[in-house]
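Peer 1: Predicted structure and sequence below. I'll ask about it afterward.
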Amino acid sequence: MAQPTKSVDRRGFLKGAALAATAPIAIAPQARVATPANVTETTAGTPFGSDPRVTERPGADFMVDVFKSLGFEYVFAMPGSSFAGIHESIINYGGNRAPEFITCCNEESSVAMANGYFKIEGKPAMICAHGTVGLQHATMAIYDSYCDRVPVYVVLGNTLDAAHRGGEVSWLHSVQDAASMVREVTKWDDTPQSLEHFADSAVRAYKIMMTPPMMPVVLTADTEMQENAIPSGEHPRIPKLTLAAPPQGESGAVAEAARLLVAAENPVIVASRAARTPAGMKLMVELAETLQAGVVDQHRRMNFPTRHPLNQTLRAGVAGKPTTGAPVMEADVVLALESSDLYSTVRQAKQRNGALKVISISSLDLNHKSNYQDFMRYTDTDLSMAADAEATLPSLIEAVKRQLTPDRKRALETRGAKLAQASRQAQQKARADAAYGWDASPISTARLSAELWAQIANEDWSFLSDTFWIRDWPLRLWDFDKHYQYIGGSGAEAVGYMAPATVGAALANKKHGRLSISIQTDGDLMVANGVLWTAAHHRIPLLILMHNNRAYHQEVMGIQGLANRHNRGIDRIHIGTKIDDPNIDYAKLAQSMGVRAEGPISDSKDLAAAIRRGIDVVKRGEPYLIDTVTQPR
Amino acid sequence: MKHLWVVLAIAAALSDSSRAQEAPNAENGKRLFLKNGCYECHGTVGQGGTGPRLAPRPLAAPALTAYVRKPANGMPPYSAKVMTDSEVADIRAYLATIPEPPKNLPLLNP
């Protein structure tokens, strides 16, 4: 392990000096004495080991040992004094490797970056924040991750013992129960009272967050415990981490689901967050092909290849989460896998066909939070498994195979051929639709997507932004066939997620050598544009094309709708909804943070060359931003 | 004062009525299409967006006007107070000027 750097920390020095002055009457026992984390030999004027203010082996070193044992590759954080002990131990004792400190400009971005990182890498990252003001920033992104079923390991700094707080700021940054602010939107939390307790809870937290349904967890690390020496004679143990096998559907229910699916004339598989891993996507393909059933991908994850003949998503609807449309409306059995809104998915189909059977496999049936309403409206189902969909797919596939007779297989092949034909026609229609507005200025989102695809199709690419805001054009036009090629949206539909999640995901792609790309909405970037600096500082390769429609466009339409409903005219709907006057120069914004950039580009004929220049820079390991002025959607 | 408003309202109605006799003005239609925010959902050249495609080959004027007054799905209604019949006709004229999209675009080949 690297040895601690000997330097003076002003905050710690002042606090330590103040406490030292009161030590004779206020401090006991010795193990609780607050000392500055680092004082140089020359400054202190005494050899190491003889000055009680010098701590050679702080508790935070052990905490870092715990984090290393859990395999964290990165910690995303904006620095803060309440977790400075952990920060200092990570960069010095831990050598700033596994975890490596990624400097963020806002705790909300820290969490969103960890979210994006997980969705690519399949491994969680940790974030650190003040238990008060930092967590207040982070809260929206934690809610996003909670709704998005993404594990994020949140470590908060806090000074619980009021007798050992410093001055005004230390009091303002302290709280009785730090995690209470996010307890409704996290899976578990704890405030350990000793290093042994810390290790136990740290491992437990990891195990809990990684068991589906995956969600963020919170561990509060006491400032004194971080900065003080490991108590003499104590040898805290790090427990062994053994992840729990994810819950699978009960065997009888799985067999019944297989029976319904095999007997159905028009079964449809609707997947929202079904494929947690690349293996999940392969299982989705195997199930669909075994059944010759259509698949509607609601794209909270990359569940199913976009150009697979059984993919019926384009027939289900575009420019939004596909919830209705022909595949579901014509179905006699719907298999919903980790559905995020099952009620809306089947409501109209059930009204049309009262005999429609709905099978649900969802780990969310194991979640019992009540305050936030992300559980959606209660849905009538005919068979419901409180289980992880991906973990249940192997047994479901085997059950389906066991029930298939040769005659039934022939019938299914006929169905599959019809579905393949319908899929081809839907793809042709999407390409025809993309031609409308082809030369328009501002640039059409279809043209933007087509120009980008032309230059990445032969690369190992990963598209990292939500397609909802650009009418799903990439998902309609491109050939997505790998799990890491799409990460879905924010979870809670919160603005300010996309930019940092994209950078976090691009960081995960970096070591794999993938070409990370995004089409970034302007309003979202303005919430968290500090991530541009983070991308430049940490040399995170990422090509960002702006979807710069100069508005909070969703809200433009909302206000427009209300103004019409109230019959008051629409000539004032720009107030509070447009991002113009002045127009934001995103190229200059990016350049100011060290990101190479160009634009604004309003003529689609200029796109191809700009994208080529951008890819060249990204392939050299840097981020690049192209400001493209676009149609509203 | 009340009489003045009545006179102005009648004059405006007559003006609109007389305009209705004139050929729709595509240039004014384009201005209105942008000013009235139609493009927010349908795109600046009516190519479609959150709302459906409107051009080329827009609905016939009576059908378009009827739809604007009592739309289906998520479109908000535009009353005659917000957008007159002649303004709808002008917008339709603008949409009718929009050409067919190019065919066989290399970038849209599979």
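Peer 2: Done, it's in. Residues are numbered from 1 along each chain as shown, chains lettered A, B, ... in the order given.
Peer 1: hey, let's count contacts and neighbours off CA atoms from now on
Peer 2: Will do.
Peer 1: Against which helices or strands is the host helix or strand of A:Val154 packed?
Peer 2: Taking DSSP states H and E as the definition, one finds A:Val154 inside strand A:153-158. With contacts defined as 3 or more C-alpha pairs under 8 Å, 6 or more residues apart in numbering or on different chains; DSSP states H and E, the secondary structure elements packing on strand A:153-158 are strand A:126-130, helix A:195-209, strand A:217-222.
Peer 1: Would you format the ones you listed as CSV with mean pLDDT included?
Peer 2: Rendered in CSV, the data for the helices and strands packed on strand A:153-158 read as follows (pLDDT from 0 to 100):
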stretch, mean pLDDT
strand A:126-130, 98
helix A:195-209, 98
strand A:217-222, 98
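Peer 1: Adding distance to A:Glu598 and mean neighbour count, write these out as JSON lines.
Peer 2: Converted to JSON lines, those look like this (distance: least, C-alpha to C-alpha, whole Å; neighbours: other C-alpha atoms under 10 Å in any protein chain shown):
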{"stretch": "strand A:126-130", "distance to A:Glu598": "32", "mean neighbour count": "29"}
{"stretch": "helix A:195-209", "distance to A:Glu598": "41", "mean neighbour count": "21"}
{"stretch": "strand A:217-222", "distance to A:Glu598": "40", "mean neighbour count": "28"}
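Peer 1: would you turn those into JSON lines with distance to A:Leu243?
Peer 2: Shown next, in JSON lines, are the helices and strands packed on strand A:153-158 (distance: least, C-alpha to C-alpha, whole Å):
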{"stretch": "strand A:126-130", "distance to A:Leu243": "17"}
{"stretch": "helix A:195-209", "distance to A:Leu243": "5"}
{"stretch": "strand A:217-222", "distance to A:Leu243": "15"}
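Peer 1: quick one: pLDDT of residue 43?
Peer 2: This is for chain A. Among the per-residue scores, A:Thr43 holds a pLDDT of 35.
Peer 1: that answer is for a different chain, and I need it for chain B
Peer 2: In this prediction, B:Gly43 carries a pLDDT score of 97.
Peer 1: dump the residue contacts of the nearest residue to A:Met78 once chain neighbours are set aside.
Peer 2: In space, not counting the residues next to it along the chain, A:Met78 is nearest to A:Cys104; the distance is 4.8 Å by C-alpha to C-alpha, 6 or more residues apart in numbering or on different chains. A:Cys104 makes contacts with A:76-78, A:110, A:530-531, A:534, as judged by C-alpha atoms under 8 Å, 6 or more residues apart in numbering or on different chains.
Peer 1: same thing but 10 Å
Peer 2: By C-alpha atoms under 10 Å, 6 or more residues apart in numbering or on different chains, A:Cys104 lies in contact with A:75-79, A:110-111, A:113, A:127, A:500, A:530-535, A:537.
Peer 1: Any stretches of the chain with poor pLDDT?
Peer 2: All of this refers to chain A. Across chain A, residues meeting the criterion (pLDDT under 70) sit at A:1-52, A:318-324.
Peer 1: Chain B was what I was after
Peer 2: Using pLDDT under 70 as the threshold, the predicted model of chain B has low-confidence ranges B:1-21.
Peer 1: How about the closest residue to A:Asp297 other than its chain neighbours: which residues does it bridge to?
Peer 2: Once its chain neighbours are removed from consideration, A:Asp297 has its nearest residue in A:Ala271; the separation is 5.1 Å (C-alpha to C-alpha, 6+ apart). Listed beta-bridge partners, A:Ala271: A:Asp297, A:Leu337 (assigned using DSSP bridges).
Peer 1: Measure how buried the closest residue to chain B within the stretch 151-300 of chain A is and give me the count.
Peer 2: Proximity of the stretch 151-300 of chain A to chain B (C-alpha to the nearest C-alpha) peaks at A:Gln298, 17.5 Å away. With neighbours defined by other C-alpha atoms under 10 Å in any protein chain shown, the count for A:Gln298 comes to 25.
Peer 1: A:Thr534 too?
Peer 2: As a burial measure, the neighbour count of A:Thr534 was computed by other C-alpha under 10 Å and equals 22.
Peer 1: in terms of contact, does it touch A:Thr502 like I think?
Peer 2: No - A:Thr534 is beyond contact range of A:Thr502, at 11.7 Å (criterion: C-alpha atoms under 10 Å).
Peer 1: Just give me the neighbour total for residue 89.
Peer 2: All of this is about chain A. Counted with other C-alpha under 10 Å, the neighbours of A:Ser89 add up to 28.
Peer 1: look at chain B instead
Peer 2: In terms of burial, B:Ala89 registers 23 neighbours under the definition other C-alpha under 10 Å.
Peer 1: How much space separates it from chain A?
Peer 2: Remark: distance between B:Ala89 and chain A (C-alpha to the nearest C-alpha, to the nearest Å) = 18 Å.
Peer 1: list the contacts for that residue?
Peer 2: B:20, B:23-26, B:28-29, B:60-62, B:64-65, B:95.
Peer 1: again, only using 7 Å
Peer 2: B:24, B:61 (C-alpha atoms under 7 Å, 6 or more residues apart in numbering or on different chains).
Peer 1: how about the strand or helix carrying it: buried residues?
Peer 2: Following DSSP H and E, one finds B:Ala89 within helix B:85-97. For helix B:85-97, the buried set under the neighbour-count rule, 16 or more other C-alpha atoms under 10 Å in any protein chain shown, comprises B:85-97.
Peer 1: show me the contacts for the residue nearest to the spatial centre of chain B.
Peer 2: Chain B has B:Ile91 as the residue nearest its centroid, 3.2 Å off, counting by C-alpha atoms, centre = their mean. Counting by C-alpha under 7 Å, 6+ apart, B:Ile91 touches B:26, B:29-30, B:32-33.
Peer 1: Quick one: buried ones out of these?
Peer 2: Judged by neighbour count, with 16+ other C-alpha under 10 Å as the criterion, the buried members of the contacts of B:Ile91 are B:26, B:29-30, B:32-33.
Peer 1: Could you list which of the residues you listed belong to strands?
Peer 2: Assigned to strands by DSSP state E, none of the buried ones among the contacts of B:Ile91 qualify.
Peer 1: what are the ranges of the helices in the stretch 351-500 of chain A?
Peer 2: Counting by DSSP state H, counting those that start in this stretch, the stretch 351-500 of chain A has these helices, from start to end: A:389-403, A:406-434, A:445-456, A:473-477, A:498-510.
Peer 1: Packed most tightly, which of those would that be?
Peer 2: Comparing the helices of the stretch 351-500 of chain A on average neighbours per residue, with mean count of other C-alpha atoms under 10 Å in any protein chain shown, the densest one is helix A:498-510 at a mean of 28.
Peer 1: Wait, A:Gly594 touches A:Val531, no?
Peer 2: No - using C-alpha atoms under 7 Å, A:Gly594 is not in contact with A:Val531, being 11.1 Å away.
Peer 1: Counting neighbours, go ahead and name the busier of the two.
Peer 2: Summary of the neighbour comparison: A:Gly594 and A:Val531, criterion other C-alpha under 10 Å, with A:Val531 having more neighbours (26 against 18).
Peer 1: Can you tell me, leaving aside adjacent residues, what's nearest to the more buried one?
Peer 2: Counting by C-alpha to C-alpha, 6+ apart, A:Val531 lies nearest to A:Pro500, which is 5.8 Å off, once chain neighbours are set aside.
Peer 1: ok, that neighbour to A:Phe83 distance?
Peer 2: Taking C-alpha to C-alpha, to the nearest Å as the measure, A:Pro500 falls 22 Å from A:Phe83.
Peer 1: All the strands of chain B, in order from the start?
Peer 2: According to DSSP E, chain B contains no strands.
Peer 1: Enumerate the residues of it near chain A.
Peer 2: Chain B has residues B:36, B:40, B:43, B:45, B:47, B:49-50, B:76-79, B:82, B:101-102, B:107-108 near chain A, with proximity defined as C-alpha under 7 Å from any C-alpha of the partner chain.
Peer 1: Going through those, which ones are buried?
Peer 2: Applying 16+ other C-alpha under 10 Å to those, the neighbour count classes B:36, B:40, B:43, B:45, B:47, B:49-50, B:76-79, B:82, B:101, B:108 as buried.
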